[in-house]
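>>> Predicted model, plus sequence, below.
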Amino acid sequence: MKHTTHFAFFDEGSKKEIRRTTLKAVAIPGYQVPFASREMPIARGWGTGGLQLTLSLIGKEDTLKVIDQGADESVNAVSIKKLVQQTTNVELTNHTEAASIIQSRHRIPEAQLSEEQILVLQVPTPEPLRKVEASEYATKRLHAEEEYSGAWLLLFEQIMKYGKTATGADHPVYVNGRYVMAPSPIPRFDNPKLHASKALTLLGAGREKKIYAVPPYTEVASLAFEDYPFSVESFAGHACHLCGTKDVFLDELVDEETGETYYQCNDTSYCIDRLNSEEPAEVGHYHA
C-alpha cells in the first residue's frame, strides 16, 4: 500500500467517475445511481462502497473519522482508517466535530453534524424493495412509477404478526417526497437524524454497485401508517453508566461478575467527549 503512486489509492479517472455518479445522486435525492464499483484491497461486503466514496472525495486538508457500530476502534474501522491514511496521509480523528468526512457502518454519530461535514454510510443492500421483488429490472420500474405498495405491505405484515412494525434497522424512508430509500442498517433511532440534516449524507454499496444521497436540509420521513406511527427504540428510565447521558442510543450490557444489567453509550467517542467536556456537543436528534 505504501508504494502506490496514486493519492487516495485510485487513479484520477476512477475518482472522476465516482464523483460524477455522486453528483447525480445528490441532484436526485434518494435515487440509486449505478456506478462501476472498483476492486478494493478489502472484500466486498466490508464497506467497499463507502470506502470508494471516501477515497474519491478526500483531499489533503481533510480530517477523517471512521466508526463501526458506534466504535472507532473496531477491526473494520481501524482497517479502513489504515488504508486511507497510508494512501493520503490525511489527519485522523475520533472526535465527530473535528472530522470533515465521517465514514460509518450501522450508526449516525450522536453529535449533530454541520454543513462543513460529509457523512458516508456503508450499505450492504441498497434496494428497499428487494424483499418483495428479486428482479433489478422490476424494482427500477417500480421506482419509476412510484409504486411502493410492496414496502407498505412488508410493514403491514409486521403489524399483523407482532402488533407493531418490527424493523430493527434499515427502516425505509421517503426522501424529498419522491423516492423510498434504504437508509443502510442504522437503527430506527438514527432515522430522524437524516431529516433536515445540515451535513451531506452519501450512501455507497460496493457489492451492489450503487451510490445514493441525501443532500443537506432534505425532507426525510420514515414509512409509517397513521394509526401505527413510526417510533424509535426507547431507553426511557435508563442512562449511560459512565457519562449519564439519556438522549442517545444505549447498549445494554451485563456485568459478568454480578450479572447486573447496565447501559452505556453506543457512540464511544461521544461518551468520552462528554466525560472530558463541561459542555458536550448537541445531540443530532430531530424527533420529539
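On my side now, so go ahead. Numbering: from 1, shown residues only.

>>> and the gap between residue 274 and residue 240?
When distance is defined by Cβ to Cβ, to the nearest Å, residue 274 is 8 Å away from residue 240. Yep, even glycine has a C-beta here, placed from its N, CA and C like the rest.

>>> now residue 44
Taken as Cβ to Cβ, the span from residue 44 to residue 240 is 35 Å.

>>> what about the two, which has more around it?
residue 240 (22 against 16; other Cβ atoms under 10 Å).

>>> any idea how far that one is from residue 266?
For residue 240 relative to residue 266 (Cβ to Cβ), the value is 9 Å.

>>> any residues in contact with both of those two?
248, 250 (Cβ atoms under 8 Å, 6 or more residues apart in numbering).

>>> Now residue 49. Nearest residue, chain neighbours left out?
Using Cβ to Cβ, 6 or more residues apart in numbering and skipping residues adjacent in sequence, the residue nearest residue 49 is residue 204, 3.1 Å away.

>>> give me the element the one you found is part of.
Using DSSP states H and E, residue 204 sits in strand 200-205.

>>> And residue 174, by the same measure?
Per DSSP H and E, residue 174 falls inside strand 173-175.

>>> Could I get the average pLDDT for that strand?
Averaged across strand 173-175, the pLDDT comes to 98.

>>> and it, what does it pack onto?
Identification of packing neighbours for strand 173-175 by 3 or more Cβ pairs under 8 Å, 6 or more residues apart in numbering; DSSP states H and E yields strand 179-181, strand 220-222.

>>> Dump these into JSON lines; add mean neighbour count as well.
Output for the helices and strands packed on strand 173-175, formatted as JSON lines (neighbours: other Cβ atoms under 10 Å):
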{"stretch": "strand 179-181", "mean neighbour count": "21"}
{"stretch": "strand 220-222", "mean neighbour count": "20"}
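
>>> Quick one: the strands in the stretch 51-200 of the chain, in order.
63-68, 91-92, 101-105, 118-122, 173-175, 179-181, 200-205 (DSSP state E, counting those that start in this stretch).

>>> okay if I get the ones you listed as CSV plus distance to residue 145?
Compiled in CSV, the strands of the stretch 51-200 of the chain are given as follows (distance: least, Cβ to Cβ, whole Å):
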stretch, distance to residue 145
strand 63-68, 37
strand 91-92, 45
strand 101-105, 32
strand 118-122, 27
strand 173-175, 15
strand 179-181, 12
strand 200-205, 23
